[in-house]
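Student: Kindly generate the corresponding structure for this input.
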Amino acid sequence: MPPPDPDDALGGRLLVAAPALSDPNFERTVVLLLEHGDPGAVGVVLNRPMHVEVGEILGPWEEMARRYPPGVVFSGGPVSPDAIIGLSRPAEGLSGDPRWRAVVEDAGVVDLAVAPEEQPVALVGARLFSGYAGWAEGQLEQEIDEGSWFVLEALAADVFADEPGQLWHDVLQRQGGRLAMLASYPPSPSVN
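Tutor: Next comes the predicted model:
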C-alpha cells in the first residue's frame, strides 16, 4: 500500500521518526495522530512508557491500564505533560456503536473524567499518555517534506503494543522494502 498523501488529513495515521530525526523528544518515536487539519496536528507518542503507575495519578483507570501491559503511564509528548490522554478499545461488537468514535480501527480517545464503568460503551482496557505532541498549522507538513517522518497506516495493535520499546522497529519492519531495511538502522551510526 502506498504511503498516505501528506496533503490529506492524517488523523488516525502513524508518524514514524526517520533515523536522522535527532530531536530527543521524537528520536525513534512512533506517534499516533489523533487530529490533523487547518489548526495543526495533535498526537501521542506510543512507544515511551514511563515509570509512573496509572494508580498514582488516576486510580479509577488502574485496572483498565493493567489490561495492556506494561500498565504504566506513557510519555505522550513534550506539550502539556500534566494533561493526560486516554486511548481505549470498546468491548467486542461495540466498535460500530454511534457513541464510540475510533481514531484507528477500534481504538479511540476516551474521557478520563468519566469512570470506566460509567463510559457510554463497555471498555476492555486503556493506555494513558502524559502530554502530547503538537504541531502548528503547516509545521507537520514541512517536517514530512523534509523527511523527518514516515507517514504510515496505523493498527489498533500499535496503540496497545505488548512491547512498546520494539514498536519503532516493528512498524518499519512490516512495511517491507526500504523501510524494513531502516528498521535495523543502529541508534548511532558509529555503532555500525
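
Student: Please, where are all the strands along the chain?
Tutor: For the chain, applying DSSP state E gives strands covering 13-17, 30-37, 40-45, 49-53, 72-75, 79-90, 108-110, 123-136, 149-153.

Student: Count the residues that sit near Pro49.
Tutor: Counted with other Cβ atoms under 10 Å, the neighbours of Pro49 add up to 16. All C-beta spots, glycine's among them, are computed from the backbone N, C-alpha and C.

Student: surely Val109 meets Leu87?
Tutor: Yes - the pair Val109 / Leu87 is scored as a contact, 6.1 Å apart, by Cβ atoms under 8 Å.

Student: joint contacts of those two?
Tutor: With contacts taken as Cβ atoms under 8 Å, 6 or more residues apart in numbering, Val109 and Leu87 have Val103 as neighbours in common.

Student: between these two, which one's more packed in?
Tutor: The residue with more neighbours, out of Val109 and Leu87, is Leu87; 25 against 15, by other Cβ under 10 Å.

Student: can you tell me how far that one sits from Phe74?
Tutor: With distances taken as Cβ to Cβ, to the nearest Å, Leu87 is found 10 Å from Phe74.

Student: Need the overlap of contacts for those two.
Tutor: Contacts common to Leu87 and Phe74, judged by Cβ under 8 Å, 6+ apart, are 44, 127-129.

Student: so can I have JSON lines of these showing distance to Glu56, pLDDT and neighbour count?
Tutor: Output for the shared contacts of Leu87 and Phe74, formatted as JSON lines (distance: Cβ to Cβ, whole Å; pLDDT from 0 to 100; neighbours: other Cβ atoms under 10 Å):
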{"residue": "Val44", "distance to Glu56": "19", "pLDDT": "98", "neighbour count": "28"}
{"residue": "Arg127", "distance to Glu56": "15", "pLDDT": "98", "neighbour count": "31"}
{"residue": "Leu128", "distance to Glu56": "11", "pLDDT": "98", "neighbour count": "27"}
{"residue": "Phe129", "distance to Glu56": "15", "pLDDT": "98", "neighbour count": "25"}
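
Student: and these as TSV, adding distance to Ala154?
Tutor: Shown next, in TSV, are these (distance: Cβ to Cβ, whole Å):
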residue	distance to Ala154
Val44	11
Arg127	14
Leu128	18
Phe129	15
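
Student: Nearest to Ser148 among these?
Tutor: Ser148 has its nearest neighbour among these in Val44, at 17.5 Å by Cβ to Cβ.

Student: Contacts only, for that closest one.
Tutor: Val44 is in contact with 31-32, 34, 74, 76-77, 85, 87, 129, 132-133, counting by Cβ under 8 Å, 6+ apart.

Student: For the closest residue to His51 other than its chain neighbours, give its distance to Ile144.
Tutor: Counting by Cβ to Cβ, 6 or more residues apart in numbering, His51 lies nearest to Val72, which is 6.8 Å off, once chain neighbours are set aside. The gap separating Val72 from Ile144 is 30 Å, by Cβ to Cβ.
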